[in-house]
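**Student:** make a model of this:
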Amino acid sequence: MFVRTKTFRRKDGSKRRYVYLVENKRINGKTKQITRANLGRLEDIQTQLPSIIKSLVKITDTMQVLNLGRELKPEWTREYGLKLIFEKLWEDMGFGEIMRMFAKDTRYEFNLEQSLFTLVLNRLMDPHSKLGVHDWVNEVYGLEQQELHQWYRSLDFLVKYKENIEKQIFHQMRNLFNADLDLVLFDTTSIVYWGKGEKSNELLNYGFSKQKRFDLKQVIVGVLMTKEGVPIGHEVYPGNTNDITAFKMMLESVKRKYALRRVVFVCDRGMVSRENLEILEAEKYEYIVGVRMRKMKKEIQDEFLDKADMQKVKEKDNLYAKEITREGKRYFICYNPERAVIDKERRDALLLKLEEHLKTKGFKSLMLKKEYSKFLQVEAEKPEIDKTKVKRDALFDGKYILASNIPEHKLSHKQAILYYKDLWQIEAGFRQLKNELELGPMYHWTETRIRGHIFICFLALCLRIVFSKKLKMLHKHTSVDKVLNDVNKLKVVKITLKDIEYIMRTEFEGDTNLAFKALNLKPPNRVIYTNSDSVEIVVQRFL
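**Tutor:** All right, here's what the predicted structure looks like:
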């Protein structure tokens, strides 16, 4: 039976609505509606309906009337969305299986794989120290609590099995993306250390800091990526390791760990030196490297800076290039008109500032700044802007030069230039390591813990990059940061109605659905859990 209202129109045009209790019955093969009771005019009984409902509920075991003000109790709210997303990726990428495979022969009395995932998740979500993670897992996610020492033992495990784990990750990433491993991008960065560290720690040293913190000890981190931007390995070196030494050590690591058929190293100008090129050629590696054009002889510069004979590299790309062979080595001269405009604007701004300094600052302070001194000429101890130097500098606008030892029949100059452009992938990866994942500062005391901490950050970088790629495959122009921010708004809430517990998710906001679609992950139901699935609830709101 159910309630139905009927509206009757009177002769004067007014309307009256009546409430009936009716039942559908099948008579002679046809469904007919039978009126069981006439409850009267809706307007007359409306105020009595709450008491009628309460009276009816008393004679049934399947319904209740609740006072929201007294009976509804919110228990807690927890983070939910990003845990679902990165947990799915953790398994899809095989990281969970890899960790479980190496952990099965150990004697850890806690869930090692879950501990490692939690540390990686914390890096992606809300980076803390290991002591901070200890509190975070319960307060934010309600995950299984661990003893503090278990977090540190998880780092020790990573370092102990690093070689084997990275080999497995290498194969997983290659299979997932059909990565072109003929081309490997390599770069290093320095990570500062805030703390004293143990005296025997040979990893922590003073060196050339790319963060300009020469007062702090540091470690050097090198990362290998494919040209598609897929991380395949990382190494950690002492803080006083120069780029040449790190370069050679990474080459040895590549040969030892990965049986690659052919490797082409792509490095920017900061990594290139005569010593580095000699190492590459001695090891018979092919390379595409950036060249410091301003350090070349003037007659060579004039030849390279000439824009004649330049052709478009790619139809839809605003980049022009030509090739020049000199002393058996191929050089690719590249010109980007948009970059040329930017270079000119920066120089004009610098010259404007220089003119102001010439009026207000002393001669010595100007000559100490390299950016100023290259445009100055001094006559009778009076500095002036050298217009010839300014005109010469303008010839370099929007131009850069690459060098390669790869024969033309194996690699065209257009392919080489496009490969070099892919170097931004690894640079973006380092920015994520430093900024988004907050790899530094570090406070770990021992060398093993520092290496373990960096490995956690590397795993987090892998998850982040793979998520980004899957999202871009679905929707090319989607902002990864915006999607992750929307996913982070997805929470779970526990509420109690009398003795009935409910765990419910909040509604999807913004582009949250894109994240689930990109990973082929089914969105969770609104009601995730309840300890009663048979009780219907009739709620009356008491104000």
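**Student:** contacting residues around stretch 93-112?
**Tutor:** For stretch 93-112, contacts defined as CB atoms under 8 Å, 6 or more residues apart in numbering pick out 90-91, 113, 116-117, 144, 146-147, 150, 153-154, 157, 161, 164-165, 168-169, 172-173, 176, 459, 462-463, 466. The C-beta positions use only the backbone N, C-alpha and C, and glycine is treated the same way.
**Student:** could you rerun that using 10 Å?
**Tutor:** Stretch 93-112 is contacted from outside by 87, 89-91, 113-118, 120, 144, 146-147, 149-151, 153-154, 157-158, 160-161, 164-169, 171-173, 175-176, 459, 462-463, 466-467, using CB atoms under 10 Å, 6 or more residues apart in numbering.
**Student:** which of these fall in helices?
**Tutor:** Mapping the contacts of stretch 93-112 onto helices (DSSP state H) picks out 87, 89-91, 113-118, 120, 149-151, 153-154, 157-158, 160, 164-169, 171-173, 175-176, 459, 462-463, 466-467.
**Student:** who touches residue 504 in this structure?
**Tutor:** By CB under 10 Å, 6+ apart, the residues touching residue 504 are 491-495, 524-530.
**Student:** will you turn those residues into TSV that also has secondary structure, distance to residue 324 and neighbour count?
**Tutor:** Output for the contacts of residue 504, formatted as TSV (DSSP: H, G, I helix; E, B strand; the rest coil; distance: CB to CB, whole Å; neighbours: other CB atoms under 10 Å):
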residue	secondary structure	distance to residue 324	neighbour count
491	strand	60	15
492	strand	62	21
493	strand	66	16
494	strand	69	17
495	strand	72	16
524	coil	60	15
525	coil	64	9
526	coil	65	10
527	strand	69	11
528	strand	65	14
529	strand	69	11
530	strand	73	15
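**Student:** circling back to that earlier point, show the buried residues in the ones in helices among the contacts of stretch 93-112.
**Tutor:** Among these, those buried by neighbour count (16 or more other CB atoms under 10 Å) are 89-90, 113-118, 120, 150-151, 153-154, 157-158, 165-169, 172-173, 459, 462-463, 466-467.
**Student:** residue 522: neighbour count?
**Tutor:** For residue 522, the tally of surrounding residues (other CB atoms under 10 Å) stands at 8.
**Student:** contact partners for it?
**Tutor:** Residue 522 touches 88, 516, counting by CB under 10 Å, 6+ apart.
**Student:** that one and residue 512, how far apart?
**Tutor:** 13 Å (CB to CB, to the nearest Å).
**Student:** and if you look at residue 34?
**Tutor:** To residue 512, residue 34 is 48 Å away according to CB to CB.
**Student:** can you check residue 27 too?
**Tutor:** In terms of CB to CB, residue 27 sits 51 Å off from residue 512.
**Student:** neighbour-wise, which of those two wins?
**Tutor:** residue 512 (22 against 8).
**Student:** now the helices for the stretch 1-150 of the chain?
**Tutor:** 42-45, 49-57, 68-71, 81-92, 95-103, 112-125, 130-136, 148-160 (DSSP state H, counting those that start in this stretch).
**Student:** which among those helices is found nearest to residue 345?
**Tutor:** Among the helices of the stretch 1-150 of the chain, the nearest to residue 345 by CB to CB is helix 112-125 (36.9 Å).
**Student:** where does the stretch 1-150 of the chain dip in pLDDT?
**Tutor:** Residue ranges of the stretch 1-150 of the chain with pLDDT under 70: 61-71, 127-132, 138-145.
**Student:** and with 90 instead?
**Tutor:** For the stretch 1-150 of the chain, residues meeting the criterion pLDDT under 90 lie at 1-22, 24-80, 104-111, 121-150.
**Student:** and residue 43, how many neighbours does it have?
**Tutor:** 11.
**Student:** so how far is residue 471 from the nearest residue to it once chain neighbours are set aside?
**Tutor:** Nearest residue to residue 43 in three dimensions, chain neighbours excluded: residue 17, at 7.3 Å (CB to CB, 6 or more residues apart in numbering). For residue 17, the distance to residue 471 (CB to CB) stands at 53 Å.
**Student:** related to what we said a few turns ago, of all the helices of the stretch 1-150 of the chain, which one is nearest residue 352?
**Tutor:** helix 112-125 (43.1 Å).
**Student:** quick one: the closest one to helix 162-177, angle?
**Tutor:** Angle between the axes of helix 112-125 and helix 162-177 is 70 degrees (criterion: axes from the mean of the first three to the mean of the last three CA atoms, to 10 degrees).
**Student:** residue 232 touches residue 250, doesn't it?
**Tutor:** No - Residue 232 lies out of contact with residue 250 (CB atoms under 10 Å); the separation is 11.6 Å.
**Student:** more crowded one of these two?
**Tutor:** Relative neighbour count places residue 232 above the other of residue 232 and residue 250, with 25 against 22, counting by other CB under 10 Å.
**Student:** between the one helix or strand the more buried one maps to and helix 162-177, how many degrees?
**Tutor:** Under the criterion of DSSP states H and E, residue 232 resides in strand 231-238. Interaxial angle, strand 231-238 versus helix 162-177 (the same axes, to 10 degrees): 150 degrees.
**Student:** packing partners of strand 231-238?
**Tutor:** helix 162-177, strand 183-192, strand 218-226, helix 243-257, helix 424-431, helix 447-474 (3 or more CB pairs under 10 Å, 6 or more residues apart in numbering; DSSP states H and E).
**Student:** let me see the domain layout of this protein.
**Tutor:** 2-59, 71-78+490-540, 339-394 (automatic domain parsing).
**Student:** quick one on the thing from earlier: what's the distance between the residue nearest to residue 43 and residue 44?
**Tutor:** Distance from residue 17 to residue 44, by CB to CB: 10 Å.
**Student:** go on, residue 264?
**Tutor:** Plainly put, residue 264 is 87 Å away from residue 44 if you go by CB to CB.
**Student:** same check, this time on residue 460
**Tutor:** On the measure of CB to CB, residue 460 and residue 44 end up 66 Å apart.
**Student:** so those two - more neighbours on which side?
**Tutor:** More crowded of residue 460 and residue 44, by other CB under 10 Å: residue 460, with 25 against 12.
**Student:** so the more buried one makes contact with residue 82?
**Tutor:** No - the pair residue 460 / residue 82 is not scored as a contact, 11.7 Å apart, by CB under 10 Å.
**Student:** who touches both of those two?
**Tutor:** Residues touching both residue 460 and residue 82 by CB under 10 Å, 6+ apart: 121, 124-125.
**Student:** of those residues, grab the buried ones for PyMOL.
**Tutor:** Typed into PyMOL, the line below selects the buried ones among these, using 16+ other CB under 10 Å:
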select buried, resi 121+124+125
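**Student:** middle-most residue in this structure, spatially?
**Tutor:** By CA atoms, centre = their mean, the mean C-alpha position of the chain lies nearest to residue 464, the distance being 3.6 Å.
**Student:** for residue 287, see how far away residue 323 is.
**Tutor:** Separation of residue 323 from residue 287 (CB to CB) stands at 16 Å.
**Student:** likewise for residue 43?
**Tutor:** 88 Å.
**Student:** quick one: which of residue 17 and residue 471 has more around it?
**Tutor:** residue 471 (21 against 12).
**Student:** wait, isn't the more buried one in contact with residue 486?
**Tutor:** No - using CB under 10 Å as the test, residue 471 is too far from residue 486 to be in contact (11.7 Å).
**Student:** name the residues contacting each of these two.
**Tutor:** Counting by CB under 10 Å, 6+ apart, the residues touching both residue 471 and residue 486 are 479, 511, 514-515.
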